[in-house]
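Asker: Following is a predicted model, sequence given first.
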Amino acid sequence: MPELPEVETMVRGLRPEIVGRTIIELEFCACTRRPIQVSPSPGKFRKQVAGQKITGVWRLAKRVVVELADAQFIVIEPRMTGLMLVSEPPTPEHRRLCWHMAPKRGKCSSFEFWDRRGLGTVRLLDSDRMEEVRNVLGPDALRMSTDDWKQQLSRTSRPIKVAMLEQKLIAGIGNLYASEILHEASVSPKRSSQRLTNKQLSAIQAATQRILKEAIQYEGSTLGDGTYRNALNKDGGYQNKHQVYQKEGEPCQRCAAGVVRRIVQAQRSTFYCSKCQR
DNA sequence: CCCCAGTCCTGCGGGC
DNA sequence: TGCCCGCAGGACTGGG
(Lines give C-alpha, C1' and ligand atoms only; values in the text may rest on other atoms or scores of the structure.)
Protein backbone atom coordinates (compact mmCIF):
# COMPACT_ATOMS: atom_id res chain seq x y z
CA MET A 1 0.00 0.00 0.00
CA PRO A 2 1.65 3.14 -1.12
CA GLU A 3 2.23 5.56 1.73
CA LEU A 4 4.60 8.53 1.82
CA PRO A 5 7.86 6.58 1.18
CA GLU A 6 6.35 4.48 -1.61
CA VAL A 7 4.81 7.49 -3.35
CA GLU A 8 8.08 9.42 -2.97
CA THR A 9 9.87 6.47 -4.59
CA MET A 10 7.40 6.45 -7.49
CA VAL A 11 7.94 10.18 -8.01
CA ARG A 12 11.73 9.83 -7.97
CA GLY A 13 11.51 7.04 -10.51
CA LEU A 14 9.19 8.96 -12.80
CA ARG A 15 10.86 12.36 -12.65
CA PRO A 16 13.99 11.75 -14.77
CA GLU A 17 11.96 9.84 -17.34
CA ILE A 18 9.02 12.16 -17.91
CA VAL A 19 9.81 15.77 -16.94
CA GLY A 20 10.29 17.90 -20.05
CA ARG A 21 8.55 15.35 -22.25
CA THR A 22 5.41 15.98 -24.30
CA ILE A 23 2.29 13.86 -23.94
CA ILE A 24 1.03 12.65 -27.31
CA GLU A 25 -2.02 10.83 -26.10
CA LEU A 26 -3.69 9.28 -23.11
CA GLU A 27 -4.88 5.71 -23.53
CA PHE A 28 -7.68 4.31 -21.38
CA CYS A 29 -6.51 0.71 -21.43
CA ALA A 30 -8.90 -1.64 -23.14
CA CYS A 31 -7.89 -4.59 -20.99
CA THR A 32 -9.14 -2.88 -17.84
CA ARG A 33 -11.75 -5.01 -16.09
CA ARG A 34 -13.68 -2.07 -14.76
CA PRO A 35 -12.87 1.61 -15.13
CA ILE A 36 -11.27 3.30 -12.15
CA GLN A 37 -12.50 6.64 -10.90
CA VAL A 38 -11.32 9.26 -13.39
CA SER A 39 -12.32 12.87 -13.86
CA PRO A 40 -13.05 14.58 -16.13
CA SER A 41 -14.57 12.03 -18.52
CA PRO A 42 -12.14 10.07 -20.75
CA GLY A 43 -12.86 12.10 -23.87
CA LYS A 44 -12.30 15.42 -22.18
CA PHE A 45 -9.27 14.16 -20.25
CA ARG A 46 -7.63 12.90 -23.45
CA LYS A 47 -8.26 16.12 -25.28
CA GLN A 48 -6.90 18.29 -22.49
CA VAL A 49 -3.59 16.46 -22.00
CA ALA A 50 -2.79 15.82 -25.68
CA GLY A 51 0.21 17.91 -26.73
CA GLN A 52 0.91 19.08 -23.19
CA LYS A 53 4.47 19.33 -21.88
CA ILE A 54 5.21 17.85 -18.46
CA THR A 55 6.90 20.49 -16.34
CA GLY A 56 7.22 18.64 -13.03
CA VAL A 57 6.43 15.57 -10.97
CA TRP A 58 6.03 15.78 -7.22
CA ARG A 59 4.49 14.11 -4.22
CA LEU A 60 1.53 15.58 -2.35
CA ALA A 61 1.05 13.44 0.78
CA LYS A 62 0.16 10.04 -0.70
CA ARG A 63 -0.60 11.38 -4.16
CA VAL A 64 1.54 11.68 -7.28
CA VAL A 65 1.15 15.03 -9.04
CA VAL A 66 2.17 15.45 -12.69
CA GLU A 67 2.35 19.14 -13.52
CA LEU A 68 1.55 20.28 -17.05
CA ALA A 69 2.74 23.41 -18.85
CA ASP A 70 -0.73 24.99 -18.98
CA ALA A 71 -1.00 24.99 -15.17
CA GLN A 72 -3.07 21.85 -15.04
CA PHE A 73 -2.25 18.99 -12.72
CA ILE A 74 -2.79 15.25 -13.07
CA VAL A 75 -3.37 14.03 -9.50
CA ILE A 76 -3.02 10.29 -8.98
CA GLU A 77 -4.15 8.59 -5.76
CA PRO A 78 -2.81 5.03 -5.74
CA ARG A 79 -4.82 4.11 -2.61
CA MET A 80 -4.26 0.43 -1.85
CA THR A 81 -2.74 -1.12 -4.94
CA GLY A 82 -2.07 1.63 -7.48
CA LEU A 83 1.33 2.07 -9.10
CA MET A 84 2.89 4.62 -11.44
CA LEU A 85 5.20 2.77 -13.79
CA VAL A 86 7.57 3.58 -16.63
CA SER A 87 8.25 -0.10 -17.30
CA GLU A 88 6.29 -3.31 -17.84
CA PRO A 89 3.42 -3.70 -15.34
CA PRO A 90 3.14 -6.73 -13.00
CA THR A 91 0.03 -7.88 -14.90
CA PRO A 92 -1.38 -6.61 -18.20
CA GLU A 93 -5.02 -6.95 -17.15
CA HIS A 94 -4.78 -4.34 -14.39
CA ARG A 95 -3.39 -1.56 -16.55
CA ARG A 96 -5.71 1.43 -16.26
CA LEU A 97 -4.28 4.51 -17.99
CA CYS A 98 -1.26 4.91 -20.23
CA TRP A 99 0.25 8.27 -21.22
CA HIS A 100 2.18 8.03 -24.48
CA MET A 101 4.94 10.58 -24.97
CA ALA A 102 6.85 12.01 -27.91
CA PRO A 103 9.89 9.76 -28.37
CA LYS A 104 13.22 10.69 -26.82
CA ARG A 105 16.42 8.74 -27.24
CA GLY A 106 17.28 6.56 -24.23
CA LYS A 107 14.01 7.32 -22.49
CA CYS A 108 10.80 5.38 -22.02
CA SER A 109 7.99 6.01 -24.48
CA SER A 110 5.14 6.03 -21.96
CA PHE A 111 4.17 5.92 -18.32
CA GLU A 112 1.10 4.34 -16.84
CA PHE A 113 -1.21 3.90 -13.89
CA TRP A 114 -1.63 0.24 -12.91
CA ASP A 115 -4.04 -0.78 -10.16
CA ARG A 116 -4.94 -4.33 -9.20
CA ARG A 117 -7.97 -3.58 -7.06
CA GLY A 118 -9.03 -0.48 -8.87
CA LEU A 119 -9.61 1.70 -5.83
CA GLY A 120 -7.26 4.39 -7.10
CA THR A 121 -8.29 7.68 -8.64
CA VAL A 122 -6.85 9.89 -11.39
CA ARG A 123 -7.97 13.49 -11.76
CA LEU A 124 -7.03 16.40 -13.97
CA LEU A 125 -7.27 19.64 -11.99
CA ASP A 126 -6.72 23.31 -12.72
CA SER A 127 -4.76 25.52 -10.30
CA ASP A 128 -7.78 26.45 -8.23
CA ARG A 129 -8.95 22.91 -7.73
CA MET A 130 -5.35 21.85 -7.04
CA GLU A 131 -5.25 24.45 -4.28
CA GLU A 132 -8.48 23.04 -2.82
CA VAL A 133 -6.91 19.59 -2.67
CA ARG A 134 -3.88 21.01 -0.86
CA ASN A 135 -6.09 22.87 1.59
CA VAL A 136 -7.89 19.80 2.90
CA LEU A 137 -4.58 18.15 3.76
CA GLY A 138 -2.62 18.71 6.95
CA PRO A 139 1.12 19.43 6.87
CA ASP A 140 3.33 16.81 5.23
CA ALA A 141 4.62 14.35 7.83
CA LEU A 142 8.24 14.95 6.77
CA ARG A 143 7.95 18.71 7.15
CA MET A 144 6.48 18.80 10.65
CA SER A 145 8.26 20.23 13.67
CA THR A 146 7.46 19.04 17.21
CA ASP A 147 5.32 22.16 17.60
CA ASP A 148 3.40 21.24 14.43
CA TRP A 149 2.72 17.81 15.88
CA LYS A 150 1.52 19.34 19.12
CA GLN A 151 -0.76 21.76 17.33
CA GLN A 152 -2.28 19.22 14.94
CA LEU A 153 -2.84 16.58 17.62
CA SER A 154 -4.50 19.08 19.93
CA ARG A 155 -7.37 19.15 17.42
CA THR A 156 -8.53 15.59 18.14
CA SER A 157 -9.29 13.40 21.13
CA ARG A 158 -8.69 10.17 19.22
CA PRO A 159 -5.85 7.79 20.07
CA ILE A 160 -2.51 8.79 18.57
CA LYS A 161 -2.42 5.88 16.10
CA VAL A 162 -5.86 6.77 14.73
CA ALA A 163 -5.00 10.48 14.54
CA MET A 164 -1.82 9.75 12.58
CA LEU A 165 -3.95 8.29 9.76
CA GLU A 166 -6.15 11.38 9.58
CA GLN A 167 -4.86 13.13 6.45
CA LYS A 168 -6.34 16.49 7.37
CA LEU A 169 -4.20 16.45 10.54
CA ILE A 170 -1.00 14.80 9.28
CA ALA A 171 -0.51 14.07 5.58
CA GLY A 172 1.35 11.07 4.24
CA ILE A 173 1.32 8.46 6.99
CA GLY A 174 -0.68 5.24 6.49
CA ASN A 175 -1.37 2.16 8.52
CA LEU A 176 2.01 0.49 8.15
CA TYR A 177 4.24 3.44 9.02
CA ALA A 178 1.97 4.61 11.87
CA SER A 179 2.74 1.39 13.76
CA GLU A 180 6.44 1.51 12.91
CA ILE A 181 6.80 5.17 13.92
CA LEU A 182 5.07 4.71 17.28
CA HIS A 183 7.25 1.70 18.06
CA GLU A 184 10.36 3.68 17.20
CA ALA A 185 9.09 6.51 19.43
CA SER A 186 8.21 4.11 22.30
CA VAL A 187 4.69 5.55 22.46
CA SER A 188 1.58 3.42 22.93
CA PRO A 189 -0.82 3.56 19.97
CA LYS A 190 -3.70 3.80 22.45
CA ARG A 191 -2.49 6.98 24.11
CA SER A 192 -4.76 9.98 23.69
CA SER A 193 -3.38 12.48 21.20
CA GLN A 194 -4.09 15.34 23.57
CA ARG A 195 -2.35 13.76 26.55
CA LEU A 196 1.05 13.21 24.97
CA THR A 197 3.94 14.73 26.88
CA ASN A 198 6.36 17.12 25.17
CA LYS A 199 8.95 14.38 25.33
CA GLN A 200 6.63 11.95 23.54
CA LEU A 201 5.72 14.53 20.89
CA SER A 202 9.39 15.16 20.28
CA ALA A 203 10.02 11.40 20.05
CA ILE A 204 7.19 11.01 17.52
CA GLN A 205 8.55 13.89 15.43
CA ALA A 206 12.05 12.40 15.40
CA ALA A 207 10.83 8.85 14.76
CA THR A 208 8.73 10.05 11.82
CA GLN A 209 11.80 11.63 10.26
CA ARG A 210 13.99 8.58 10.87
CA ILE A 211 11.51 5.93 9.76
CA LEU A 212 10.18 7.70 6.67
CA LYS A 213 13.62 8.81 5.46
CA GLU A 214 15.04 5.32 5.95
CA ALA A 215 12.04 3.80 4.16
CA ILE A 216 12.60 6.18 1.24
CA GLN A 217 16.26 5.10 1.10
CA TYR A 218 15.08 1.49 0.89
CA GLU A 219 12.53 2.47 -1.80
CA GLY A 220 9.52 1.61 0.35
CA SER A 221 7.96 -1.60 1.62
CA THR A 222 6.80 -4.46 -0.57
CA LEU A 223 4.51 -6.66 1.52
CA GLY A 224 3.63 -10.31 1.17
CA ASP A 225 0.95 -9.50 -1.37
CA GLY A 226 3.78 -8.17 -3.55
CA THR A 227 1.70 -5.34 -4.85
CA TYR A 228 3.90 -2.32 -4.27
CA ARG A 229 6.70 -1.78 -6.80
CA ASN A 230 8.76 1.26 -7.71
CA ALA A 231 8.44 3.02 -11.07
CA LEU A 232 10.62 0.31 -12.63
CA ASN A 233 8.44 -2.53 -11.29
CA LYS A 234 11.06 -3.54 -8.71
CA ASP A 235 10.41 -4.48 -5.08
CA GLY A 236 11.15 -2.08 -2.25
CA GLY A 237 13.43 -3.26 0.56
CA TYR A 238 12.09 -1.69 3.73
CA GLN A 239 9.84 -4.66 4.62
CA ASN A 240 13.01 -6.34 5.90
CA LYS A 241 13.47 -3.52 8.40
CA HIS A 242 9.97 -3.61 9.90
CA GLN A 243 9.96 -3.98 13.67
CA VAL A 244 6.26 -4.59 14.40
CA TYR A 245 4.04 -4.43 11.32
CA GLN A 246 2.54 -7.88 10.63
CA LYS A 247 4.84 -9.34 13.29
CA GLU A 248 2.21 -10.42 15.81
CA GLY A 249 3.59 -12.92 18.33
CA GLU A 250 7.23 -12.23 17.55
CA PRO A 251 9.57 -10.93 20.27
CA CYS A 252 10.11 -7.17 20.30
CA GLN A 253 13.45 -6.50 18.58
CA ARG A 254 14.30 -3.65 20.91
CA CYS A 255 13.28 -4.57 24.44
CA ALA A 256 13.36 -8.36 23.97
CA ALA A 257 11.01 -8.64 26.99
CA GLY A 258 7.87 -7.82 25.02
CA VAL A 259 5.95 -9.62 22.32
CA VAL A 260 4.42 -7.81 19.37
CA ARG A 261 0.65 -7.56 19.75
CA ARG A 262 -2.06 -6.83 17.22
CA ILE A 263 -5.12 -4.79 18.10
CA VAL A 264 -7.84 -3.17 15.99
CA GLN A 265 -8.28 0.60 16.11
CA ALA A 266 -10.79 2.37 13.88
CA GLN A 267 -11.23 -0.93 12.00
CA ARG A 268 -7.54 -1.17 11.17
CA SER A 269 -4.76 -3.35 12.51
CA THR A 270 -2.26 -1.80 14.88
CA PHE A 271 0.94 -3.62 15.85
CA TYR A 272 2.91 -2.63 18.95
CA CYS A 273 4.99 -3.84 21.89
CA SER A 274 3.08 -3.55 25.15
CA LYS A 275 6.31 -3.55 27.17
CA CYS A 276 8.30 -0.71 25.64
CA GLN A 277 5.52 1.45 24.16
CA ARG A 278 3.95 3.51 26.92
C1' DC B 1 -18.64 18.33 15.07
C1' DC B 2 -17.23 13.78 16.20
C1' DC B 3 -17.10 9.03 15.63
C1' DC B 4 -18.21 4.77 13.63
C1' DA B 5 -19.60 1.54 10.13
C1' DG B 6 -20.23 0.67 5.41
C1' DT B 7 -18.51 1.09 0.60
C1' DC B 8 -15.46 0.40 -3.25
C1' DC B 9 -12.22 -3.72 -5.05
C1' DT B 10 -9.31 -8.24 -5.88
C1' DG B 11 -6.22 -11.80 -4.38
C1' DC B 12 -4.91 -14.71 -1.07
C1' DG B 13 -4.82 -17.54 3.13
C1' DG B 14 -7.18 -20.04 6.68
C1' DG B 15 -10.40 -23.35 7.72
C1' DC B 16 -13.19 -27.18 6.86
C1' DT C 1 -7.38 -31.38 -2.40
C1' DG C 2 -10.43 -27.91 -3.38
C1' DC C 3 -13.57 -24.46 -2.39
C1' DC C 4 -15.38 -20.55 -0.02
C1' DC C 5 -15.46 -16.98 3.14
C1' DG C 6 -13.29 -13.24 5.25
C1' DC C 7 -9.69 -10.14 5.57
C1' DA C 8 -6.44 -6.49 3.93
C1' DG C 9 -7.16 -0.83 4.23
C1' DG C 10 -7.17 4.59 1.87
C1' DA C 11 -10.51 7.75 1.40
C1' DC C 12 -15.00 8.94 1.29
C1' DT C 13 -20.12 8.85 2.71
C1' DG C 14 -24.10 8.62 5.53
C1' DG C 15 -26.17 8.00 9.93
C1' DG C 16 -26.45 8.52 14.89
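Answerer: Great, that's in hand.
Asker: give me the number of residues near the residue in the stretch 1-150 of chain A positioned nearest to DNA strand B?
Answerer: Nearest residue of the stretch 1-150 of chain A to DNA strand B: A:Arg117, at 3.9 Å (CB to the nearest atom of the strand). C-beta: built from backbone N, CA, C; applies to glycine. Neighbour count for A:Arg117, taken as other CB atoms under 10 Å: 12.
Asker: Surely it and A:Thr81 touch.
Answerer: Yes. A:Arg117 is within contact range of A:Thr81, at 4.5 Å (criterion: CB atoms under 8 Å).
Asker: residues in contact with the residue of the stretch 1-150 of chain A closest to DNA strand B?
Answerer: Contacts for A:Arg117 (CB atoms under 8 Å, 6 or more residues apart in numbering) come out as A:79-81.
Asker: For the stretch 51-200 of chain A, which residues are neighbours of DNA strand C?
Answerer: Counting by CB under 7 Å from any atom of the strand, the stretch 51-200 of chain A comes close to DNA strand C at A:61-63, A:77, A:79-80, A:117, A:119, A:136, A:165, A:167, A:174-176.
Asker: Out of those, which end up buried?
Answerer: A:61-63, A:77, A:79-80, A:165, A:167, A:174-176 (16 or more other CB atoms under 10 Å).
Asker: export those to CSV and tack on distance to A:Glu25?
Answerer: What follows is these, written out as CSV (distance: CB to CB, whole Å):
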residue, distance to A:Glu25
A:Ala61, 29
A:Lys62, 27
A:Arg63, 23
A:Glu77, 22
A:Arg79, 25
A:Met80, 28
A:Leu165, 37
A:Gln167, 33
A:Gly174, 33
A:Asn175, 37
A:Leu176, 36
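Asker: Now, those that are in strands?
Answerer: A:63, A:77 (DSSP state E).
Asker: Check the offset of the worst-scoring helix or strand of chain A on mean pLDDT from the chain's centre.
Answerer: Of all helical and strand segments in chain A, the minimum by mean pLDDT, DSSP states H and E falls on strand A:37-39, at a mean of 89. Averaging C-alpha positions (CA atoms, centre = their mean, to the nearest Å) puts strand A:37-39 19 Å from its chain's average.
Asker: Who does that strand pair with, and is each partner parallel or antiparallel?
Answerer: According to DSSP bridges, strand A:37-39 forms sheet pairs with strand A:121-126 (parallel).
Asker: The strand it pairs with: how far from the chain's middle?
Answerer: With CA atoms, centre = their mean, you get 17 Å for strand A:121-126.
Asker: what bridges to A:Arg63?
Answerer: A:Leu60.
Asker: how much space between it and A:Gly82?
Answerer: Distance, A:Arg63 to A:Gly82, by CB to CB, to the nearest Å: 10 Å.
Asker: Quick check: neighbours shared by these two?
Answerer: A:Ile76.
Asker: contacting residues around the residue nearest to A:Lys104 when sequence neighbours are not counted?
Answerer: Distance criterion CB to CB, 6 or more residues apart in numbering; nearest residue to A:Lys104, sequence neighbours excluded, is A:Arg21 at 6.3 Å. Neighbour list for A:Arg21: A:53-54, A:101-102, A:104, A:107 [criterion: CB under 8 Å, 6+ apart].
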